[in-house]
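1. Requesting a structural model of the entry that follows:
(2 chains)
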Number of protein chains: 2
Amino acid sequence: MLCIAFGFSDSLAQTSTPSDSALIRSIYDEVLTNGEAYSNLRTLTKTIGHRLSGSPEADRAMVWGADLLRLYGADSVFVMPVVVPSWTRGDVAAAYVTLSNGEREELHITALGGSIGTPGDSIITAGIIVVNQLTDLDSMEADFTEGKIVLFNRAMNPVLINTGSAYGGANDQRGRGAIAAARVGAIGALVRSLTHSLDTLPHTGAMYYSEEVPRIPAAAISTVDARKLAALYKEDSNLRVSFIMNCTALPDVEQGNVIGEWTGSEYPNEIITLGGHLDSWDIGEGAHDDGAGIVHTIEVLRALKAVGYTPRRTIRFVLFINEENGNRGGEKYAEIAASELEAGENIYVAAMESDAGGFSPRGFSMDAPDDLVAQVKEWAPLFEPYNIHRFKKGWSGVDIGPLKELKKRPFLIGLVPDGQRYFDFHHSSSDVFENVHKRELELGAGTMASMIVLIDKYIPAP
Amino acid sequence: MLCIAFGFSDSLAQTSTPSDSALIRSIYDEVLTNGEAYSNLRTLTKTIGHRLSGSPEADRAMVWGADLLRLYGADSVFVMPVVVPSWTRGDVAAAYVTLSNGEREELHITALGGSIGTPGDSIITAGIIVVNQLTDLDSMEADFTEGKIVLFNRAMNPVLINTGSAYGGANDQRGRGAIAAARVGAIGALVRSLTHSLDTLPHTGAMYYSEEVPRIPAAAISTVDARKLAALYKEDSNLRVSFIMNCTALPDVEQGNVIGEWTGSEYPNEIITLGGHLDSWDIGEGAHDDGAGIVHTIEVLRALKAVGYTPRRTIRFVLFINEENGNRGGEKYAEIAASELEAGENIYVAAMESDAGGFSPRGFSMDAPDDLVAQVKEWAPLFEPYNIHRFKKGWSGVDIGPLKELKKRPFLIGLVPDGQRYFDFHHSSSDVFENVHKRELELGAGTMASMIVLIDKYIPAP
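-> Here you go, the predicted model:
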């Protein structure tokens, strides 16, 4: 069943109808039978690969995405220019620990995104401090901390069922560790990788500097090595760590959000935004983060066209740039939305994001008023046949987050896939196509497309 | 929080209490913090490996399982003897297709479990027939079918969200393909592997013969090769397929169900059965099928002891034998249960099984009367913090299935993990430890242990 007839009423109805159930079935059938998300993800990851903001790969990904949106029938495709930061990891990131007895052991590290290199791109060597909290440093004497390398060693909390919450509870170390360490005179920071997995892969991610303290180099260290180093330090507090990195900041460059627009048949100035982010970190292939969200987004267009759906509102398929290290794409999109709203040109009704991986979908998280959350919960029976159960208030997504500031705030919603495996791959060299499962990816696209239809039909304009 | 106080009422209450919520939290904390299911699975899969009924590996697994149940504090551990079939795959399984132009291409096959070898352990060569349904053969002329090799090529239906249903809808080919083929005079059967994955791994599984028709050799062929062979046949109906296998049946041997018993504090003769199956197919490591169910079962004992739970009823931790090719372990267990029930010794209150893999748990499937299903659904809020949503009537498990025939029928319930990846590995060489995820496995154990507590406290005896 690839094409079914729709009987639209003239105005926006308030509740779902039996035909919604049939339409949703046809959408899932389409993505599970003729789905192209998986093969599109293969192309993105294997012919382009990772695509950090500012890189030539990100340029190529923008062209690829625009071509695909055209192929699948977007009415117009354009690039919204965004000036993005540019940074290069360089080709050296190495570390080792030297024990008091002279023995050496290698440590697996990679630069955190945005870090400076080690001074003169040379090896730095120092004693270490091991802390679990940023604030642990505050109570330490200056002569103990000065000139040291700080190991931030707090693990993600395993008892939190939501791995995103465990990530959120540990990532202050990555984001602000270098600032906290520099404040007490340290010369470098090593941050335990943000993953539950015990392995030797360092996981990168954004880090920040403050104008108030010196910039010091900061690296992610694998969980196995962080544990090992902390254990060695307990036995031998005089051990010394050496590391070298030649990463460096480059001048900003202009790239942009790639946008495909499918014009609404009834309310063309009411905008539903749907997206993921096209940029990725520069190790691995950005397959789950966020290649999955990109091909989800594009597959929604393809599948809704294939089943013969006609949107009432305009649906914008947005391949955001620079989520990973600045969110300038999301900020720019919201800035333009605000000006259009101000000018009375467009109303931003809703925005959906997929940026939690291509895993088996569980439901949605909504950053929205209680009445709209309650309305969506009433649609649960429509999703029950697809094992989609989760409809909760909460976080929606980084790219669409700035839309919260609009005077007329859109309904924000994020896809929630099963999160147990996400941080195994996240920001590491193992975030590759082979770790994405075809059916799980497809089910995510079907779930998003189905929810987009219901939003198009039933969510009131703000 | 590893040990909390419990205030039991004197009789079985009907509804859950706030203390249940705290107890369940402590159980999940325990398995996610101190869980041993994953390391136990590593031992089972890496030091013993696969363990087909009748094999020396199955003997070793029985000893390992009994030791572990003792280690974790079962009051008594014993083996319930079961005479099981024995069959050996041999060391040869190979196939190729020869086109009319003389070109040859290799095909990836493996014997279906229980198949005879090719006659004289020699290569057989014949033309082929390609069918999608067993009944397709009925309408074919004898001179077309006689002496041929039949390729059963029906794929699992991709639009079914429940992959178990898709499996059930295709496995008549594997179970009865050789009978249907022999009935029309064919000399061999090749069955498309039961998986959604398009790869070159053959997936084995049980097949059956009938006394009424000759026994012919039957093999699983990988999905990629089944597709290829069917496509080649369309172009070249005179192609010929050759295959050889030296599998063979051996005499039955005595092995058994390994049972650990934790005596109930109030109702020791009311039995709650909890289990998985210790045997596996003889390729891969039986990691998901059903090493996961085995270590789930054992972890429930460990975790409930660790949090200080005292069961009211007797909990039996059963490592069933021979699920894969006979279910004689499950049959024997039910037979003895029936005699104990008849003698007034024991009442079988409930039985839970984990035999759907070590993936992220989604909920439970209950083969039970509507009122008990409704009672369990009322516990949904207790599981909501753990993202466990599915509480439906349906299939419970093969091993516990024969208990349905008891005069006083127990409440039967099966763990339902996310099933999208299960058949990628099922019965193939990729069902190995590395494809099981630590947290997903642990969450399954926590979910089972929590449900066992609620069953112990609230499910009425039949």
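2. so what's the residue lying closest to residue A:89 once chain neighbours are set aside up against?
-> Closest residue to residue A:89 apart from its sequence neighbours, by CB to CB, 6 or more residues apart in numbering or on different chains: residue A:247 at 5.0 Å. Just so you know, the C-beta spots here come from the backbone N, C-alpha and C atoms, and that holds for glycine as well. Contacts for residue A:247 (CB atoms under 8 Å, 6 or more residues apart in numbering or on different chains) come out as A:87-90, A:93, A:111, A:115-117.
3. mind checking pLDDT for residue A:18?
-> Per-residue confidence (pLDDT) for residue A:18: 72.
4. Number of residues surrounding it?
-> Residues lying near residue A:18 (other CB atoms under 10 Å in any protein chain shown) number 7.
5. quick one, helices of chain A?
-> A:18-34, A:37-43, A:56-71, A:142-145, A:163-168, A:172-183, A:223-235, A:292-306, A:328-342, A:370-377, A:380-383, A:422-425, A:438-458 (DSSP state H).
6. export the first one as PDB, just CAs?
-> C-alpha atoms of helix A:18-34 as PDB (Å, rounded to 0.1, in the frame of the first residue of the first chain):
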ATOM      1  CA  PRO A  18      -9.100   6.200  11.600                       C
ATOM      2  CA  SER A  19      -7.500   7.400   8.300                       C
ATOM      3  CA  ASP A  20      -4.500   8.500  10.400                       C
ATOM      4  CA  SER A  21      -4.000   5.000  11.400                       C
ATOM      5  CA  ALA A  22      -4.000   3.800   7.800                       C
ATOM      6  CA  LEU A  23      -1.700   6.600   6.700                       C
ATOM      7  CA  ILE A  24       0.800   5.800   9.500                       C
ATOM      8  CA  ARG A  25       0.700   2.100   8.500                       C
ATOM      9  CA  SER A  26       1.500   3.100   4.900                       C
ATOM     10  CA  ILE A  27       4.400   5.300   6.000                       C
ATOM     11  CA  TYR A  28       6.000   2.500   8.100                       C
ATOM     12  CA  ASP A  29       5.400   0.000   5.200                       C
ATOM     13  CA  GLU A  30       7.100   2.400   2.800                       C
ATOM     14  CA  VAL A  31      10.200   3.000   4.900                       C
ATOM     15  CA  LEU A  32      10.600  -0.700   5.800                       C
ATOM     16  CA  THR A  33      10.100  -1.800   2.200                       C
ATOM     17  CA  ASN A  34      11.500   0.900   0.000                       C
END
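7. and which of the contacts of residue A:247 is nearest chain B?
-> Among those, residue A:93 lies closest to chain B (CB to the nearest CB), at 26.9 Å.
8. For residue B:374, see how far away that closest one is.
-> From residue A:93 across to residue B:374, the span is 58 Å (CB to CB, to the nearest Å).
9. Chain B contacts on chain A?
-> Chain A comes close to chain B at residues A:28-29, A:32-33, A:158-159, A:161-163, A:196-197, A:360, A:362, A:385-387, A:389-390, A:418, A:420-421, A:424, A:437-440, A:443, as judged by CB under 8 Å from any CB of the partner chain.
10. Check the burial of whichever residue of the stretch 251-400 of chain A sits closest to chain B by counting its neighbours.
-> Nearest residue of the stretch 251-400 of chain A to chain B, counting by CB to the nearest CB: residue A:389, 3.6 Å away. Close neighbours of residue A:389, defined as other CB under 10 Å, add up to 19.
11. So which of residue A:93 and residue B:374 has more stuff around it?
-> For residue A:93 and residue B:374, the more surrounded residue by other CB under 10 Å is residue A:93, and the numbers stand at 24 against 12.
12. Got the confidence number for the more buried one?
-> For residue A:93, pLDDT reads 96.
13. I'd say it and residue A:112 touch.
-> No: counting by CB atoms under 8 Å, residue A:93 does not reach residue A:112; the two are 10.2 Å apart.
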